[in-house]
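> I'll drop the sequence and a predicted model, then ask my questions.
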Amino acid sequence: MVEPASLFGLFVSLSNVSIPLTGVNYDFSIKSFAGHITIDQTYKNTEATDLECVYGFPISDQASIVGLTIEIDNRTLTSVFKKKDEAFKEYTEALKRNDGAYLLDQSERSDDTFVLSVGRLPPGKECKVSISYVTTLESVTETKSRLTIPTSLYPRYDPTPKLQKTGVVAPETFQSTVPYKATLSGHIQAVDTIENITSPTHPLSVTTVGPKEASVTFNGTQQALDKDLVIEVELKKNPQSYVEVEETSPGVYTAMYAFVPSFKPDNSGINSELIFVVDCSGSMSGENKIGDAKRAMQIFLRSIPEGAYFNFYKFGSRFESLFPQSQLYSADTFAQAKAYADAINANMGGTEILEPLQKIYTSAPRSGFSRQIFVLTDGEVTNTQEVISLVRQNADNSRVFAFGLGQSPSRSLVNGIALAGNGKAEFIKHGEVLENSIGRQLARALQPSVTDVRVVFHGVTQVQQAPTVVPPVFKGDRQIVYAIFGLDKGDDATARPFYIELNIGQSKTKVPFTIPTKRSSEKPFLAQLAARELIRHLELEQKAPPRPTGSLQFGRHPSPLPSDNQTQESITALSLKFGVLSKYVSLVAVESRTGRNATSDKMELREIPIQKSMIPQDEDEDEGMGVAFNGNSVGVGHNAVLANNFAGSSFNRFSASPAAPLRGMTTEKPNSAATLNKLLNLQQWNGTWNLNEELARLSNVTVTEVHSAVSGLDDTVLGTLLAVTVVKERFAQQTDVWQAIINKATAFLDKQPDQAAIQSGLSALRLIIKRN
């Protein structure tokens, strides 16, 4: 394998050519549950001939690119949306005329990768390219939202022969380091009082503006583009429903309706067949992703309810399974699976995720059981659409819950298979508490999904809703629905009451909303988010194009088009109508250079090298850091998580929380994350704990104290009572981590014949735990 070229200053050593990209700035604005992001990229030609610069970069698959502007020679050029073929023709014809041209395309392999072409940049000239997009924030918990700004890519495994690559593809020049870096500025306007702002990925400096407002910059002038930027905003409380309406064009309005489903979950659970599909490809060796996968498998094992069937798959260039078919969860299969999970390594080559999924889907789910598939991957593949298409074809028999591991996973793949499989996606960065994400996914998977959800807009007309069908909802997960609508002829914004009717099963909720009487000074963008949502669901309906066969000659295969031309036309129409980029529509701008004395028609191609995702080194000494400050802004060092506590219009307290439990600790605090993990790891396959010295030590009691306080119960029941009491009393705020595991223990205790003794034992142990 040829190693990437190393960099010296602004030159690639293997080719000794300059890198025209000199800097990147990210500017973001968050309002309620949506964000507007602008990426400024500065290019400078230090060579003696015209350059064509091509740069591939990531943007969230949930985002809508809405604008491209260029500043050069004190002029500002504005781009226009055109069908992809028309845009490329205009771009290349301009270059033939010695004009400048700029083209932005979505990669045909993945909807989270884009390609910018800066054509015919003259010697000595500098230009700034600004790319604008809008996106929604991810729901992490009921009160926490996450903005992810992808900044880096990692080489993605391609299961197809290289000579068959056609169409718009990002350059594949990757470097361990690059000379250009990023700066950041941002503003947050929340819907309620901000509790804290954190980043598990970057050091931030946060300044309070008000109880619901803050500004954010990097703590330090520049950062490398070697990992995705994640910013989490936690509120003191989150409204159960929130409606925002803007006038998109005269007489046309767009509403964003965000709601947190509130319903009583079915505590009876479901008969489950649980299949865990774990990526063991070589790319999982970085960032300790394979270590996270091992821990995840162990947590899954202890959370499987009695009576369930399960299996483990691991894959790379090939795949294998623990059992030929799913097996009943028992002491024996638990022991086999535990040993299997302990032995996995990132040693299976490339990322062939399609084949293990195909194998799973060839067998029907066990009769009377609901099949839940958990996929853990860094998602570094190129056949994303083929994988998503397979999952969607089987959505009626299996739900898929996906985890994206590492600094820069393919969000397109991870989000795509979760959406197609009627599940949810979670992303786990290096150093984050893995157990939180796994616990949330297990809680979703072990409950029946609520599919009977309808949203109806009243008092308006010509409603175009996105998504047209609300996907399955889970308790506590925020859902967003958009609607583009008009008013009846003769009506105005005050003519009648307007309200949204939310139907979840037999429950109905009415949410009133108002329509603005005048247009906001801010540029509207809700319609573009709605259009992107409509496009995403149309894309899900498409089947992946077949892999090329026959000749392997490079470039001889046409760019594959979906068989459903009607869907392609619908996506194109939406893109052009609402001004959003898609796989069939590009942005193009032409700079007329009439009178320019071109010294030569010669032009050199420069593919901008992409910084690979960073592989972090373990930093034990940083993971436990904690600081306290007073003032209006604060920054903390690398790998710290910044937690700024708002009170009124200024911060009361600042703290840097550890990103993960300290490793190598010999004495744990009674309420530390390390203590909780060790407590849960002592649980037996059937949900019980044995009362012994280790359990007592972690519970901060003695075995003698427990026996003295509770009599008449054996050590298995006593140990289970003690563990349940300790977890619920000391870790009440971490239910995401332990809920599924404690449910098993509770089910065991409920089966005991002497329930009076159980309740008495719980009361006695609760007093001891509180006292200690």
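Done, it's in. Numbering: from 1, shown residues only.
> Against residue 332, how distant is residue 730?
For residue 730, the distance to residue 332 (C-beta to C-beta, to the nearest Å) stands at 33 Å. From N, CA and C alone the C-beta is placed, and that goes for glycine too.
> of the two, who's got more company?
residue 730 (20 against 11; other C-beta atoms under 10 Å).
> Any regions of the stretch 51-200 of the chain where pLDDT drops low?
By pLDDT under 70, the weakly predicted segments of the stretch 51-200 of the chain are 153-177.
> List the residues that contact residue 387.
By C-beta atoms under 8 Å, 6 or more residues apart in numbering, the contact set of residue 387 is 353-354, 357, 381, 413, 416-417.
> And residue 234, by the same measure?
Residue 234 touches 141, 143-145, 194-198, counting by C-beta under 8 Å, 6+ apart.
> And for residue 151?
By C-beta under 8 Å, 6+ apart, the contact set of residue 151 is 24, 26, 57-58, 182, 225-229, 408.
> how many other residues sit next to the closest residue to it other than its chain neighbours?
Nearest residue to residue 151, sequence neighbours excluded (C-beta to C-beta, 6 or more residues apart in numbering): residue 225, at 4.3 Å. Counted with other C-beta under 10 Å, residues neighbouring residue 225 total 25.
> isn't residue 225 right next to residue 178, touching?
Yes - counting by C-beta atoms under 8 Å, residue 225 does reach residue 178; the two are 7.3 Å apart.
> Let's see if you can find the most crowded of the contacts of residue 387.
Counting neighbours by other C-beta under 10 Å, residue 413 leads these with 31 neighbours.
> Next one: that one from residue 225, what distance?
Using C-beta to C-beta, residue 413 is found at 21 Å from residue 225.
> before we move on, what about residue 742?
In terms of C-beta to C-beta, residue 742 sits 42 Å off from residue 225.
> cool, residue 307 as well?
From residue 307 across to residue 225, the span is 49 Å (C-beta to C-beta).
> Next: residue 422.
In this structure, residue 422 and residue 225 are 34 Å apart, going by C-beta to C-beta.
> same question, residue 103
22 Å.
> which one of the contacts of residue 387 is nearest residue 315?
For the contacts of residue 387, the residue nearest residue 315 by C-beta to C-beta is residue 353; the value is 6.3 Å.
> Show me the shaky parts of this protein.
Where the chain drops to pLDDT under 70, the residues are 1-18, 153-177, 263-269, 380, 493, 495, 521, 542-564, 595-601, 610-671.
> Across the sheet, point out what pairs with the residue nearest the centre of it.
By C-alpha atoms, centre = their mean, the mean C-alpha position of the chain lies nearest to residue 427, the distance being 4.8 Å. Following DSSP bridges, residue 427 is listed with bridge partners residue 404.
> Quick one: residues contacting it.
Each residue near residue 427 by C-beta under 8 Å, 6+ apart is listed here: 138, 148, 230, 403-404, 409, 411, 414, 437.
> For those, which entry has the maximal number of neighbours?
Counting neighbours by other C-beta under 10 Å, residue 409 comes out on top of these with 29 neighbours.
> Residue 375 looks like it's in a strand, true?
Yes - assessed by DSSP: H, G, I helix; E, B strand; the rest coil, residue 375 belongs to a strand.
> who's in contact with it?
So residue 375 contacts 277, 279, 353, 400-403, 414, 417 (C-beta under 8 Å, 6+ apart).
> what do you get if the cut-off is 10 Å, keeping everything else the same?
Contact analysis of residue 375 by C-beta atoms under 10 Å, 6 or more residues apart in numbering lists 275-279, 313, 315, 353, 356-357, 387, 391, 400-404, 413-414, 417-418, 421, 423, 425.
> rewinding a little: assign a three-state SS to the residue nearest to residue 151, would you?
The three-state label given to residue 225 by three-state DSSP is coil.
> count of residues packed around the residue nearest to residue 134 when sequence neighbours are not counted?
Setting aside the residues directly before and after it, residue 134 is nearest to residue 525 in space (C-beta to C-beta, 6+ apart), at 4.5 Å. Residue 525 has 26 neighbouring residues, counting by other C-beta under 10 Å.
> Residue 140 too?
For residue 140, the count of nearby residues is 20 (other C-beta under 10 Å).
> if I look at the nearest residue to it once chain neighbours are set aside, how far off is residue 139?
Using C-beta to C-beta, 6+ apart and skipping residues adjacent in sequence, the residue nearest residue 140 is residue 146, 5.0 Å away. With the distance defined as C-beta to C-beta, residue 146 ends up 8 Å from residue 139.
> ok, those two, which is more surrounded?
Legend: neighbour count by other C-beta under 10 Å for residue 146 and residue 139, higher for residue 139 (21 against 18).
> Does the more buried one touch residue 260 like I think?
Yes - between residue 139 and residue 260 there is a contact under C-beta atoms under 10 Å: 8.1 Å.
> shared neighbours, these two?
Here residue 139 and residue 260 have 238, 476-479 as joint contacts, going by C-beta under 10 Å, 6+ apart.
> and which of the residues you listed is nearest residue 449?
Using C-beta to C-beta, the shared contacts of residue 139 and residue 260 come closest to residue 449 at residue 477, 10.9 Å.
> where along the stretch 201-350 of the chain do the helices fall?
Under the criterion DSSP state H, counting those that start in this stretch, helices of the stretch 201-350 of the chain are mapped to 289-303, 331-343.
> outside of the next helix or strand after the last one, which residues touch it?
The C-terminal neighbour of helix 331-343 among helices and strands, as given by DSSP states H and E, is helix 354-361. Helix 354-361 is contacted by residues 159, 275, 277-279, 311, 313-321, 326, 371, 373, 375, 381, 383, 386-387, 389-391, 393-394, 397-398, 400, 417, 421, 544 when judged by C-beta under 10 Å, 6+ apart.
> Pull out the buried members of the residues you listed.
Burial by neighbour count, 16 or more other C-beta atoms under 10 Å: within the contacts of helix 354-361 this picks out 159, 275, 277-279, 311, 313-316, 319, 321, 326, 371, 373, 375, 381, 383, 386-387, 389-391, 394, 398, 400, 417, 421, 544.
> so what's the residue nearest to residue 140 bridging to?
Beta bridges link residue 146 to residue 138, residue 232, judged by DSSP bridges.
> how much space between it and residue 152?
Distance of residue 146 to residue 152, given as C-beta to C-beta: 17 Å.
> Enumerate every residue touching the nearest residue to residue 31 once chain neighbours are set aside.
In this structure, residue 31 finds its nearest non-sequential neighbour in residue 189, 4.8 Å apart by C-beta to C-beta, 6+ apart. Shown in contact with residue 189 (C-beta under 10 Å, 6+ apart): 29-32, 209-210, 212-214.
> Can you tell me which of those comes closest to residue 510?
The closest of the contacts of residue 189 to residue 510 turns out to be residue 32 (C-beta to C-beta; 20.6 Å).
> contacting residues for the nearest residue to the closest one once chain neighbours are set aside?
Spatially, and ignoring its direct neighbours in sequence, residue 32 is nearest to residue 191 (5.0 Å; C-beta to C-beta, 6+ apart). By C-beta under 10 Å, 6+ apart, the contact set of residue 191 is 31-33, 145, 212, 235, 237-239, 242, 244, 258.
> For the stretch 351-500 of the chain, which segments count as strands?
With strands called from DSSP state E, counting those that start in this stretch, the stretch 351-500 of the chain shows them at 370-377, 398-405, 425-428, 453-458, 461-466, 479-486, 498-504.
> Can you list the strands that the first one pairs with?
Spelled out, that is strand 370-377. Its sheet considered, strand 370-377 pairs with strand 272-279 (parallel), strand 398-405 (parallel) by DSSP bridges.
> correct me, but residue 33 touches residue 242?
Yes - the pair residue 33 / residue 242 is scored as a contact, 7.2 Å apart, by C-beta under 10 Å.
> Could you pull out the residues contacting both of these two?
191, 256, 258, 478, 480.
> closest to residue 721 among those?
Nearest to residue 721 out of the shared contacts of residue 33 and residue 242 is residue 478 (C-beta to C-beta; 36.1 Å).
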